[in-house]
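Colleague: build me a model from this:
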Amino acid sequence: MTTRVPRLVLLISGRGSNMEAFIRAIEGGTLQATIGAVISNEPDAAGLEIAEQAGIQTRVVPHREYGNREVFDAALATEVLAHDPDLVILAGFMRILTPVFVDRFAGKLLNIHPSLLPKYPGLHTHQRAIDAGDSEAGATVHYVTSELDGGPPVMQVRLPIRSEDTAESLAARLLPLEHQLYPAAAALHLSGRLHLSKRAAGTGRRATARSGHRLEAPNETTRPCLLEPCSRPPLPRMALRMVCMALLSVSVPHARAGAGHA
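Modeller: Residues are numbered from 1 along each chain as shown. Just a heads-up that it's a prediction; the model follows:
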């Protein structure tokens, strides 16, 4: 009997750099999944052509053709369901989703936000961090709930804010780290070692990780992580660091902060 490969559906509105990160992760073997479809609310989104060149089905559900958000979200949900996803990824999807959509995919809907949530939900996150005099910035992968950027966090990465940083330079340094973080969070969910409980969905608490290991964080600046016992087999050694990141803030030292920035 052939095991079904987990299927993703990605939602985009523009170029979809996070979408490309998922394509690379799948091609590189670090994410065991397929992309069933890339769906955009913008007919001219550049990411649609990139997806097609990668051999991925694309669909457009143009939001301007619908009378209100709820009607659009119902149509979008119907299109997503047609591709039978195990996980839906918001990859630069620039629409606020209503419960009409969110509730249909509760526990199977991930987003990445460019701040250390719960700090700075919404827009202009890097400038807000700089203006507040913060010493660090970062990104958070979280489950999506009806609260804007308020769903339970899954994984987080941090990097220092330099004295010369602007919002643009900070975003450029963070983006390569986001591209590593997001597929890793999806892999953790698809492995069955992470799920969204009803209690967490309603309170904004962290998602629940499940494993049989007590894992030490990868460096001294993070806390040890005690994961709930589970009957599932242990993770391979290569995956331990990935799980260790779950529910933690993973710091990026100054020396490595710009490593992925061309």
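Colleague: would you map the strands across this protein?
Modeller: Along the chain, counting by DSSP state E, strands occupy 7-12, 34-40, 58-60, 87-90, 109-113, 136-143, 153-160, 194-195, 208-209, 214-215, 225-226, 249-251.
Colleague: need the phi and psi values for residue 166.
Modeller: Residue 166 adopts backbone torsions of phi -110, psi 170, taken as degrees, to the nearest 10.
Colleague: for residue 44, same thing?
Modeller: Taking degrees, to the nearest 10 as the convention, residue 44 sits at phi -100, psi 20.
Colleague: how close does it get to residue 71?
Modeller: Distance, residue 44 to residue 71, by Cβ to Cβ, to the nearest Å: 22 Å. (Glycine included, C-beta is placed from N, CA and C.)
Colleague: who has more neighbours, the two?
Modeller: residue 71 (14 against 9; other Cβ atoms under 10 Å).
Colleague: how about the strands of the chain, which one is nearest residue 168?
Modeller: Nearest to residue 168 among the strands of the chain is strand 136-143 (12.6 Å), distances taken as Cβ to Cβ.
Colleague: how far does the longest helix along the chain sit from its chain's centre?
Modeller: Selection of the longest helix in the chain by residue count, based on DSSP state H, yields helix 167-190. Distance of helix 167-190 from the chain centroid (Cα atoms, centre = their mean, to the nearest Å) equals 8 Å.
Colleague: quick one: least confident helix or strand in the chain?
Modeller: strand 214-215 (a mean of 26; mean pLDDT, DSSP states H and E).
Colleague: picking up where we left off before, for the longest helix of the chain, give the mean pLDDT please.
Modeller: For helix 167-190, the mean per-residue pLDDT is 96.
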